[in-house]
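> Got a predicted structure plus its sequence, pasted below:
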Amino acid sequence: MTRALPEYETACELIAQGLRDGEIGRRLGIPRRTGNGWRRVPRRRRTFAEVDPAWRPPNRRAYCYALGQYLGDGHIAFSRGGAPFLRISMDTSYPEIVTQTVSALKATFPAANVLVLTYRPEVRIVQVSERSLAVAFPQHGPGKKHLRPIELTEWQLHLTHTYPAELLKGLLHSDGSRCINRFGVPLLGGRVGRYEYPRYFFTNYSAHIRRIFCDHCEMLGIRWTQSNPRNISVSHRESVAILDAFVGPKR
């Protein structure tokens, strides 16, 4: 059984209306080259095998980490033939995180080929092409994540509630940081006491994704505060210790 990609069907309508690839890309949240490819490729090639909506990851722990990475820096696009592929942008400064992401995707999609591409000297793209991606990450949709609702499905919540640490690790490895906060306090005699302590930040423009992060922090007893409209801070000593047990400094 086959079905057409919904983005492609809409793109066909916009093409028939005479819209250019750039405008189609802005409306659907797809790269311009994807729209251009769909314009050129015969319609009959833009179908893919029906994916079982009951698909579930064979390795649930690995999936929760991959989900965190996807929500942070991942996006799903489509090849000229209509096949979906996931790309996660990664910083070359953290090779261990790149390795962990590749391992998590291989465990989640064991039959798929996971590639590590060089986009710029400082950027690696981890890519996997797999027809079940739209079911695996149903948060996919047109437009940027922070401009549309992002909610976990019931089956995803069942997994992330079982492995909340893995989801938090994926989120922090994509959109988080661990730093040392330093400050001075005036003391008697004109002296200044110097103090420092570690803290975590999670930074994301999507209020929904920040809420997902905070909800799973609370499941593990991690105290958080909102520093500004896009930053969540974890600085309580015991809460930092909890995160240090499974996240720690980026490498």
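Cool, got the structure. If you're wondering where the values come from, they're calculated on a predicted model, not measured in any experiment.

> Tell me which residue of this structure is furthest from the middle?
Taking C-alpha atoms, centre = their mean as the measure, the residue most remote from the mean C-alpha position of the chain is G189, 51.3 Å away.

> Dihedrals phi and psi, it?
Backbone geometry at G189, expressed as degrees, to the nearest 10, gives phi 80, psi 10.

> Low-confidence ranges, this structure, go.
In the predicted model, the chain carries pLDDT under 70 at residues 1-9, 13, 16-17, 37-50, 80-82, 183-185, 187, 192-193.

> now the helices for it?
Ranges of helices in the chain, per DSSP state H, are 6-16, 21-28, 32-40, 60-73, 95-108, 133-136, 154-162, 164-175, 207-219, 237-246.

> sorry, back to before: for the residue farthest from the centre of the chain, give its distance to A54.
Separation of G189 from A54 (C-beta to C-beta, to the nearest Å): 71 Å. For glycine as for every other residue, the C-beta is placed from the backbone atoms N, C-alpha and C.

> Please apply the same query to Y65.
22 Å.

> more neighbours, those two?
Using other C-beta atoms under 10 Å as the criterion, Y65 and A54 rank with Y65 on top: 26 against 7.

> For the more buried one, give me its contacts.
100-101, 104, 166-167, 169-170 (C-beta atoms under 8 Å, 6 or more residues apart in numbering).

> List just the nearest of those to N181.
Using C-beta to C-beta, K169 is the member of the contacts of Y65 that lies nearest N181, at 21.5 Å.

> what's the neighbour count on the closest one?
23.

> Equivalent analysis for the one 5 residues further on, please.
Under the neighbour criterion other C-beta under 10 Å, S174 is assigned a count of 23.

> cool, T108 as well?
24.

> Over to A245?
Using other C-beta under 10 Å: A245 sits among 10 other residues.

> L133 too?
24.

> In contact with the residue farthest from the centre of the chain: list those residues for me.
Applying C-beta under 8 Å, 6+ apart, no residues contact G189.

> what's the answer for G29, then?
141-144.

> List buried residues within those residues.
G141 (16 or more other C-beta atoms under 10 Å).

> Output the contacts of G29 in a markdown table; the columns should cover distance to R27.
What follows is these, written out as a markdown table (distance: C-beta to C-beta, whole Å):
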| residue | distance to R27 |
| --- | --- |
| G141 | 12 |
| P142 | 7 |
| G143 | 9 |
| K144 | 13 |
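
> from the contacts of Y65, which would you call buried?
100-101, 104, 166-167, 169-170.

> Among the residues you listed, which one lies nearest to R120?
Distances from R120 to the buried ones among the contacts of Y65, taken by C-beta to C-beta, are shortest for T101, at 17.6 Å.

> what's the spacing between I97 and V51?
I97 is 29 Å from V51, by C-beta to C-beta.

> These two: which is more packed in?
With neighbours defined as other C-beta under 10 Å, I97 and V51 compare such that I97 has more, 21 against 17.

> what's the closest non-adjacent residue to the more buried one?
H173 (4.9 Å; C-beta to C-beta, 6 or more residues apart in numbering).

> where's A165 relative to Y195, distance?
Distance from A165 to Y195, by C-beta to C-beta: 29 Å.

> So between these two, which is more surrounded?
Ranked by neighbour count (other C-beta under 10 Å), A165 and Y195 place A165 first, with 19 against 10.
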